[in-house]
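Student: Structure of the sequence below:
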Amino acid sequence: LIAMGGATEAAIWSNWQPVTLPLPEHWTSIPYGTPLANQCFRVVDSLGRDCPDWVSGELWIGGVGVADGYRGSEQLSAERFVQHEGQRWYRTGDMGRYWPDGCLEFLGRRDQQVKLRGHRIELGEVESALLALPEVRQAMAVVLGDPPRLAVAVVLHREVAPDHLRQQLRDSLPDYMIPASLHTLDSLPSSINGKADRAALRQQLLACRGAETDSTGEAPQGTTEQEMAALWSEILQRPVVDRHIDFFLLGGDSLSATRLIEAVKRQRTGNRSLTLRELFAHPSIAELCAYLIAPGEAPQHPHATHFEEGSL
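Tutor: Numbering: from 1, shown residues only. Prediction:
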């Protein structure tokens, strides 16, 4: 059995991969394999530089099969067909990476773009950052809930806490791209042709109780943390069962933050007053409660802003 792939813009077939049973354990899906004799591939970063083995990037196809462009669409042709070192390449919009043995692995579409809290996020970028971590074997990102939140399912090489993965992600991704929930699965759903099935994963996670929280989160501890979790749940309209999850990753915004500040003030939680700045500095239940119950009144920041809830 031979699996073949490519793009219409490059004469349909550009790569091939022999498939034998049983499938190798390290395969997360049927790989693209190697280019045909008269075709070639590049894996490039956002600046068009070649990526080393194991590092994900956009797939470019070159060779005799590459088309001249799109008929009647010069702008799109200029975007998709580029010159590099005297050769014409087609930018596929797919993500992939090379293994050290020269095999090419497909990692999904680059244009799986969503908008969350005013930011545009490429799901493939989040997945690529996770796949770069040594603990992660497979990763798939989806959007769940209303308001929408970023969720990720992973298959691990070895057990690791979601917070540890999040901390590593912060080294390569901005805060708004850090998943609100991480779920560990034995395998990820795939379509009949071996590609990632996001729709099936979304349904699988939504069918699970607590799908919008980490599958292995640490529950709030003590009365203060439990009361704070109840406040968060009421304000954010969702279950909050992880003492380390970020308020803003759960969908919190400036308005819900103001409501939380007023609720903490009414309940007189702890020994310190809460401002928006302190909430940003201590965004998890564990951090926030530790700050609030610390002895003594914290000095007010000279530029802290007071908010009052009301109709806009």
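Student: Distance from the chain centre to stretch 176-189, please.
Tutor: The chain centre lies 8 Å from the centre of stretch 176-189; the measure is C-alpha atoms, centre = their mean, to the nearest Å.
Student: Quick check: buried residues in that stretch?
Tutor: 177-185, 188-189 (16 or more other C-beta atoms under 10 Å). For glycine as for every other residue, the C-beta is placed from the backbone atoms N, C-alpha and C.
Student: Also stretch 189-208?
Tutor: Under the neighbour-count criterion of 16+ other C-beta under 10 Å, stretch 189-208 has 189-190, 194, 196-198, 201-202, 204-205 buried.
Student: Which members of those residues define the maximum pairwise distance?
Tutor: Spanning the widest gap among the buried residues of stretch 189-208 are Gly194 and Leu205, at 20.8 Å by C-beta to C-beta.
Student: Can you add distance to Arg238 and secondary structure and give the buried residues of stretch 189-208 back as a markdown table?
Tutor: Output for those, formatted as a markdown table (distance: C-beta to C-beta, whole Å; DSSP: H, G, I helix; E, B strand; the rest coil):
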| residue | distance to Arg238 | secondary structure |
| --- | --- | --- |
| Pro189 | 24 | coil |
| Ser190 | 29 | strand |
| Gly194 | 34 | coil |
| Ala196 | 26 | strand |
| Asp197 | 25 | coil |
| Arg198 | 21 | helix |
| Leu201 | 19 | helix |
| Arg202 | 16 | helix |
| Gln204 | 19 | helix |
| Leu205 | 14 | helix |
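Student: Single out whichever of those has the smallest pLDDT.
Tutor: Of all the buried residues of stretch 189-208, Gly194 carries the smallest pLDDT score, 70.
Student: Contact partners for that one?
Tutor: If a contact means C-beta atoms under 8 Å, 6 or more residues apart in numbering, then Gly194 has 3, 29-30 as its contacts.
Student: cool, and Pro31?
Tutor: Per C-beta under 8 Å, 6+ apart, neighbours of Pro31: 17, 99, 103-106.
Student: Please narrow those residues to those residing in strands.
Tutor: Residues of those located in strands (DSSP state E): 17, 104-106.
Student: Quick check: closest non-adjacent residue to the spatially most central residue of the chain.
Tutor: By C-alpha atoms, centre = their mean, the chain has its centre lying nearest to Val126, at 3.2 Å. The shortest distance from Val126 to any non-neighbouring residue, by C-beta to C-beta, 6 or more residues apart in numbering, is to Ala141 (4.5 Å).
Student: so where's the stretch 51-200 of the chain shaky on pLDDT?
Tutor: Along the stretch 51-200 of the chain, the parts satisfying pLDDT under 70 run over 111-113, 146-147, 193.
Student: Cross-check the contact I'm expecting between Gln221 and Arg243.
Tutor: Yes - if you go by C-beta atoms under 8 Å, Gln221 and Arg243 touch, sitting 6.4 Å apart.
Student: Find the residues that touch each one of these two.
Tutor: Residues touching both Gln221 and Arg243 (C-beta under 8 Å, 6+ apart): Ala286.
Student: For the two, indicate the residue with more neighbours.
Tutor: The residue with more neighbours, out of Gln221 and Arg243, is Arg243; 21 against 13, by other C-beta atoms under 10 Å.
Student: for that one, helix, strand, or coil?
Tutor: Secondary structure state of Arg243, per DSSP: H, G, I helix; E, B strand; the rest coil, is coil.
Student: One more: Arg272?
Tutor: With three-state DSSP as the criterion, Arg272 reads coil.
Student: do Arg277 as well
Tutor: Assignment for Arg277 (three-state DSSP): helix.
Student: do the same with Val240
Tutor: For Val240, the assignment made with three-state DSSP gives coil.
Student: Leaving out chain neighbours, which residue sits closest to it?
Tutor: Trp232 (4.4 Å).
Student: That neighbour is in contact with Phe248, isn't it?
Tutor: No - the criterion here is C-beta under 8 Å, and Trp232 misses it with Phe248 at 11.4 Å.
Student: Which one's more surrounded, those two?
Tutor: Using other C-beta under 10 Å as the criterion, Trp232 and Phe248 rank with Trp232 on top: 23 against 19.
Student: buried stuff in the helix or strand harbouring the more buried one?
Tutor: Trp232 is part of helix 222-236, with elements assigned from DSSP states H and E. By neighbour count on 16+ other C-beta under 10 Å, the buried set for helix 222-236 is 224-225, 227-229, 231-232, 235-236.
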